[in-house]
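Asks: This is a predicted model, with the sequence first.
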Amino acid sequence: MQIGAFSISLSVKDLEISKQFYENLGFTQFAGDLKMNYLIMKNGDALIGLFQGMFEGNIITFNPGWNQSAQPIEPFDDVRIIQKTLVEKGITLEQTVKDSTSGAGSCTVKDPDGNIILIDQHR
């Protein structure tokens, strides 16, 4: 099972201060917009999403069908196949995508310590 590009999504208090902090660590803005309350920061293959006021806590994120530069890859495991595989392994999903749909979709699961894992397919 290939679950896609990895990033961490951080819930931040002040997006501008967080942006400056991660820039000091060598990250540059890759996507997003301060006006939309989120930025995606990149340093090599490392991706960090900074989100202000969108969710509580931090989220481990995987993007099926994308590489670390948000470019499409082929072949890839669709989120619905990943979701089905997780359920077959006895993993309880917090949020699911309908099997009858196609394209973009997401599902979430909590790890044994309560960390949220988002599998977020954009295409």
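Replies: That came through, no problem.
Asks: For the rest of this, base every contact and every neighbour count on C-alpha atoms.
Replies: Will do.
Asks: Could you pull out the strands in the chain for me?
Replies: Under the criterion DSSP state E, the chain carries strands at the ranges 5-12, 28-33, 38-43, 46-52, 59-63, 93-95, 105-110, 116-121.
Asks: Give me the residue at the spatial middle of the protein.
Replies: By CA atoms, centre = their mean, the chain has its centre lying nearest to Thr61, at 2.8 Å.
Asks: Can you check the pLDDT for that one?
Replies: Thr61 is assigned a predicted lDDT (pLDDT) of 95.
Asks: shouldn't it be in contact with Leu10?
Replies: No: counting by CA atoms under 8 Å, Thr61 stays clear of Leu10, with 10.1 Å between them.
Asks: okay, and the common contacts of the two?
Replies: Contact criterion CA atoms under 8 Å, 6 or more residues apart in numbering; residues shared by Thr61 and Leu10: none found.
Asks: how close does Asp111 sit to Glu94?
Replies: According to CA to CA, to the nearest Å, Asp111 stands 11 Å off from Glu94.
Asks: ugh, typo on my part, it should be Ala104
Replies: From Ala104 to Glu94 the distance is 18 Å (CA to CA).
Asks: ok now do the residue nearest to the centre of the chain, which residues does it touch?
Replies: Residues near Thr61 by CA under 8 Å, 6+ apart: 6-9, 117-120.
Asks: one more time with 10 Å
Replies: Contacts of Thr61 were listed using CA atoms under 10 Å, 6 or more residues apart in numbering, and they are 3-9, 47-49, 108, 116-120.
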